[in-house]
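**Q** Model the following, please.
(3 chains)
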Amino acid sequence: MRRYFLLAASFSLLLGLLISAWQEKRLPKPIALTPTLTGQVEYCLTCHLDLAEISSSHPVKTFGCVLCHGGERLALDANLAHSTMRGGKNPSDFSVVQASCGGDNCHSGTAESYRNHIQRATTSIQATYAGAIANIRYTFGAQPDLKARMGVFAVQVPQSTSGITELAAFNPTQETNPFVQVFGQNCLTCHLSAQPVQTGGRYDHFSGCSACHTPTQSTDLTSVDTSTATDVHKLTTAISYTQCDTCHNRGNYNLRSITFEPRQDLPADRLHDYYQPIAQFTSCEWKLDCIDCHTRTEAMGDGNLYSVKKDIQYIQCKTCHGTLTDLPQTRTLTDPNDLAFRQATLNPVIDLKLGDSILVTEKDEPLWNTRVLPDGTYEMFAKADGQRYVFRPVKGSTCTQDPAKQDSGSCHQCHSVQR
Amino acid sequence: MRPSFFHHLHPPTIPERQARFRYTLAAGGLAVFLMLVLLVTGILEMFYYIPTPTEAGTSIQTLTFLIPYGGLVRNLHYWSAQFLVIVSVVHLLRVILTGSYAPPRRLNYLLGMGLLVLAILLDFTGYVLRWDEGIRWALVTGTNLVKSIPLAGNALYRMIVGGTQPGQATLIRFYSWHIFGLALAAGILVTWHIFRVRRDGGIAVPPPLLREDQRRVTRFELVRREILAMLFAATALILLSTFAPAPLAAPITASAPIFETARAPWFFLWVQQMLKLGNPFLWGVAVPLMVLAFLSLIPYIFPKPAKHELGRWFPKSNRLAQAVALFILLAIITLTLLALLPAS
Amino acid sequence: MSRSTLSRRDFLKLSSAAILTACGLLGLEGLFRFLTTQTEPPPPTDFDLGSASNYPPGSRTVHPDIPALLVHTQSGFSAISLACTHLGCTVESKPEGFTCPCHGSRFDLQGKVTRGPAQKPLNSLRTGITSDGKLHIYTNRITPS
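**A** Presented below is the predicted three-dimensional model:
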């Protein structure tokens, strides 16, 4: 019996080595990628080869994964590889956006070149929540007027031209009024720098840049269908109204308990489900997408600190339609570096050419998806789906407007859709 | 059969009773085997490891994930190192609980204590070479403990850390100590230790007239058993290393400390637990050194085991030493378990 | 042992030895793969030398990073590798030709060997001009000059 021991021991060692070799064979073959921007090899694609290109502006061969997402580029162990990812599933979360998306060549460039997106977005009222905080504090007597003094985080913009150059951090525990304290507990999830109200599913992307630029068509926000998970990995400027809808018009405020009662569905029938029952609106307000009228500075801020939405939101019906006395403002594109061309390249729904005339806003922002037609009408291509619309100016029509009243309520007197 | 080189490393015959596994627990032999595994896998790791703070983490990740069998080599090194500490402690316990430290083996006992300290220091320096978030706080607290030593503390700290805080200088110092200073000392000591085993008359055994059992085994049988033990140990190590990876966390970066429960490496958990009691010098340096000194003095302060009782477990004549050793072991195990309890 | 059949003892010994040899070979194969893995990316093979107009006809420009000598003659651009064909030292470009500092090989202006120990002429490297006028040298296509 004893003389078999050596044979058995030798055999066990051979078996151990074979098992080890077999285990080594089973490991996935590493897939290397050396992005041109970093020049450092990364192996994320070993597992993530099936992920779709995030956008045509961020090709994976150029950017790789680590430049935006962080993480351990060499690790083939999922826990280790993902342990240092910036912002978890969302590198564009405002807590890490500067490291993920910033840089002079990227999205924190100068205001003159319209590339200071991070500075604008993080100081906009969508991020600071300054308007809501000012409103509540004023209502309950914690401040004497509606001027914003606090944001959800402290922020300074010394060059701000709006009269507000800094916001202190809103700290509910230092408030004396109990209603303001309750507001602080219940209502600070509605801004771009907040922790999303839920984790998992689409909610993981509802902060920072991706809250808007990673749109979903799904009506179920609580889960991501893994078979189509590639559509979470997307950045675009073609943002349909449903994405705005994931935060806006998501339920009702209960003013008595100072809580928000969210609706559970993402409404699919826009005309009947989306708007509040008492709302009045005209055809273009429900057929177009929000971003077809509202410009980037309205949505993302213009770099100044504001107290309330109406300080930054300025587009009216007349921006595109003009008034009885004036045509809408237009600009003929003569500069090949015109901002309109860059925006149209990022979302090519329109084929703009030098010499084309486009509509511009009162603040001279290009409405780059429009064009003045030879017969004096205008065409507009919807940014989200490319649908073409042709519309007329008010001037020369039979409209009976009072030129001094240009608010939407006045226009809705005649122009509103029956539900 | 003519004895080979390896046979000649052993005495021609040894007493049969003391050659049994249930007497030696094969601890000394396994320790030598593990040291050989550590030497080979350590050399292989040196081909890829880069001892700089920026590249230590990436080079380990390259070794672990991208080099064929690199992960296996690293895991073998890791597991062998942990077992070396365990097996050394088992060996020490066997020597105390059988009274084998009696003269003329007192010097060899001290050499063995030195080897145990070296094994622990090698384990700690090797652990630091990972230079990942997992070792960050152990390195900080471990080196700050040195600072707490009166008079010599600051000089010792500068000697070990190479600066005012852990950084590049620290990593290269730990690297040099690990692969050269400590390993060389361990190599010399283990050679001396084995030489002393032969010089002191082989394994401890009663004088010939007092032996109950006069049977002996030959060196051929001894080598055969050693080969068997090595083959089984190698198989176990390879299987363990194939399926249980050595820990690795993200490299240390200045900007983003990861705050998890900061635990000392397992062999220092008992010290970490004592440090919760207060004075760092007392509990972190003085008490562990006193334990070490006390263990080293066992052959000198306790009654000598009776000659006729040598070569077997738990001789009556050194019960006090056995009790003390088991008490220390129990205390260390208890402290270790307490440290592992989740903080309430 | 006069019989040709093996005794059981020898058979066991032989099979153990055979298995352990297999273990050793397996280990050697692993060691070979462990040691031969390339962790650094291969050196670049495409060198951008900037605008072709920087190199007027008649110019001879040394690019030590490749290393290569760029020659602009009436027949166009050509490039000679400055890696000695003997053992790879970088040869020095002189008005009368090239000399190798390591073992004294000499080459004429066309790269032909004029003195050993090198046996082969210096290699020619492929050159090309991209659509935006940038001159490139490619080191992955070599031909003896």
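**Q** Please report how far the residue positioned nearest the centre of chain C lies from chain B.
**A** By Cα atoms, centre = their mean, chain C has its centre lying nearest to C:G88, at 7.7 Å. Distance of C:G88 to chain B, computed by Cβ to the nearest Cβ, to the nearest Å: 24 Å. For every residue, glycine as well, the C-beta is placed using N, CA and C.
**Q** Helix, strand or coil: sort out that residue for me.
**A** What DSSP: H, G, I helix; E, B strand; the rest coil gives for C:G88 is coil.
**Q** and the closest residue to chain C within the stretch 251-400 of chain A, how many neighbours does it have?
**A** Closest residue of the stretch 251-400 of chain A to chain C, Cβ to the nearest Cβ: A:P336 (18.2 Å). By other Cβ atoms under 10 Å in any protein chain shown, the residues close to A:P336 number 7.
**Q** per-residue confidence at the residue of the stretch 51-200 of chain A found nearest chain C?
**A** At 9.9 Å from chain C, A:L74 is the closest residue in the stretch 51-200 of chain A, using Cβ to the nearest Cβ. Listed pLDDT for A:L74 reads 91.
**Q** So it lies in a helix, does it not?
**A** No. Looking at A:L74 with three-state DSSP, it is coil, so not inside a helix.
**Q** Enumerate the positions of stretch A:143-150 that are buried.
**A** Across stretch A:143-150, burial judged by 16 or more other Cβ atoms under 10 Å in any protein chain shown covers A:143, A:148-150.
**Q** swap in stretch B:209-221?
**A** Those buried within stretch B:209-221 under the rule 16+ other Cβ under 10 Å are B:211, B:217-219, B:221.
**Q** Could you work out the most separated pair of those residues?
**A** Farthest-apart pair in the buried residues of stretch B:209-221 is B:R211 and B:R219; separation 19.4 Å (Cβ to Cβ).
**Q** for A:Y241, what are its contacts?
**A** Contact partners of A:Y241, counting by Cβ atoms under 8 Å, 6 or more residues apart in numbering or on different chains, are A:270, A:274, A:289-290, A:384.
**Q** how close does it get to A:A344?
**A** The gap separating A:Y241 from A:A344 is 20 Å, by Cβ to Cβ, to the nearest Å.
**Q** Also B:D213?
**A** 98 Å.
**Q** now C:T139
**A** 42 Å.
**Q** Same question for A:S207.
**A** Taken as Cβ to Cβ, the span from A:S207 to A:A344 is 28 Å.
**Q** again, but for B:T52
**A** According to Cβ to Cβ, B:T52 stands 48 Å off from A:A344.
**Q** Which one's more surrounded, the two?
**A** With neighbours defined as other Cβ under 10 Å, B:T52 and A:A344 compare such that A:A344 has more, 22 against 14.
**Q** Pretty sure the residue of the stretch 251-400 of chain A closest to chain C sits against A:L352.
**A** No. In this structure A:P336 lies outside contact range of A:L352 using Cβ atoms under 8 Å: 10.5 Å.
**Q** A:S10: neighbouring residues, count only.
**A** A:S10: 24 neighbours (other Cβ under 10 Å).
**Q** was I right about A:C190 contacting A:C247?
**A** Yes. The pair A:C190 and A:C247 qualifies as a contact (Cβ under 8 Å) at a distance of 6.7 Å.
**Q** dump the residue contacts of the residue lying closest to A:L367 once chain neighbours are set aside.
**A** Closest residue to A:L367 apart from its sequence neighbours, by Cβ to Cβ, 6 or more residues apart in numbering or on different chains: A:L359 at 4.3 Å. Contacts for A:L359 (Cβ under 8 Å, 6+ apart) come out as A:319-320, A:328-330, A:367, A:370, A:372, A:378.
**Q** Please apply the same query to A:L45.
**A** A:L45 makes contact with A:31-33, A:60, A:65, according to Cβ under 8 Å, 6+ apart.
**Q** sorry, back to before: which one's more surrounded, A:C190 and A:C247?
**A** With neighbours defined as other Cβ under 10 Å, A:C190 and A:C247 compare such that A:C247 has more, 18 against 15.
**Q** Name the SS class of whichever residue of chain A sits closest to chain C, please.
**A** Per Cβ to the nearest Cβ, A:S10 is where chain A lies closest to chain C, at 4.1 Å. Under three-state DSSP, the three-state class of A:S10 is helix.
**Q** I'd like the distance between it and C:G27.
**A** Counting by Cβ to Cβ - A:S10 and C:G27 are separated by 13 Å.
**Q** Ok, B:F327 next?
**A** Per Cβ to Cβ, B:F327 is found 44 Å from C:G27.
**Q** can you check B:R173 too?
**A** 33 Å.
**Q** Kindly report the same for B:I60.
**A** To C:G27, B:I60 is 22 Å away according to Cβ to Cβ.
**Q** Please identify which of these two sits among more neighbours.
**A** Comparing B:I60 with C:G27 by other Cβ under 10 Å, the one with more neighbours is B:I60, at 25 against 15.
**Q** Can you list the buried residues in stretch B:312-329?
**A** Quick answer for stretch B:312-329 (16+ other Cβ under 10 Å): B:312, B:315, B:317-318, B:321-322, B:324-325.
**Q** Pass me the low-pLDDT residue ranges in the chain, would you?
**A** Since no chain was named, I'll use chain A. A:1, A:113, A:218-219, A:223-231, A:264-267, A:276-277 (pLDDT under 70).
**Q** wrong one, chain C
**A** Residue ranges of chain C with pLDDT under 70: C:1-4, C:141-145.
**Q** can you list the residues of it near chain A?
**A** When proximity is defined by Cβ under 8 Å from any Cβ of the partner chain, chain C lies next to chain A at C:9, C:12-13, C:15-16, C:19-20, C:22-23, C:26-27, C:30, C:41.
**Q** Just give the nearest non-adjacent residue to the residue of chain C found nearest chain B, would you?
**A** Among all residues of chain C, C:R33 sits closest to chain B, at 3.9 Å; criterion: Cβ to the nearest Cβ. Leaving aside its chain neighbours, C:R33 sits nearest to B:P68 (3.9 Å; criterion: Cβ to Cβ, 6+ apart).
**Q** part of a helix, is C:T139?
**A** No. Secondary structure of C:T139 (three-state DSSP): strand, not part of a helix.
**Q** Now for residue 97: which residues touch it?
**A** Chain wasn't specified; assuming chain A. Each residue near A:V97 by Cβ under 8 Å, 6+ apart is listed here: A:87, A:91, A:118, A:121-122, A:208-209.
**Q** that's the wrong chain, I meant chain C
**A** Contacts of C:G97 (Cβ under 8 Å, 6+ apart): C:106-109, C:114.
**Q** Apply the buried test to these and list what passes.
**A** Going by neighbour count (16+ other Cβ under 10 Å), the contacts of C:G97 have C:106-107 buried.
**Q** Are the one helix or strand B:V89 maps to and chain A in contact anywhere?
**A** Using DSSP states H and E, B:V89 falls within helix B:70-97. Yes. Legend: contact between helix B:70-97 and chain A by Cβ under 8 Å from any Cβ is shown at B:L72.
**Q** Following element in sequence after that helix, please.
**A** helix B:106-129.
**Q** What parts of chain C come near chain B?
**A** Within reach of chain B by Cβ under 8 Å from any Cβ, chain C has these residues: C:30-31, C:33-35, C:37, C:39.
**Q** Strands of chain A, start to end?
**A** A:150-151, A:155-156, A:166-169, A:251-254, A:259-262, A:330-332, A:357-360, A:366-367, A:370-372, A:378-381, A:388-391 (DSSP state E).
**Q** B:V291 against B:A325, yeah?
**A** No. With contact defined as Cβ under 8 Å, B:V291 does not reach B:A325; the gap is 10.9 Å.
**Q** For chain A, see how far away C:L109 is.
**A** Using Cβ to the nearest Cβ, C:L109 is found at 37 Å from chain A.
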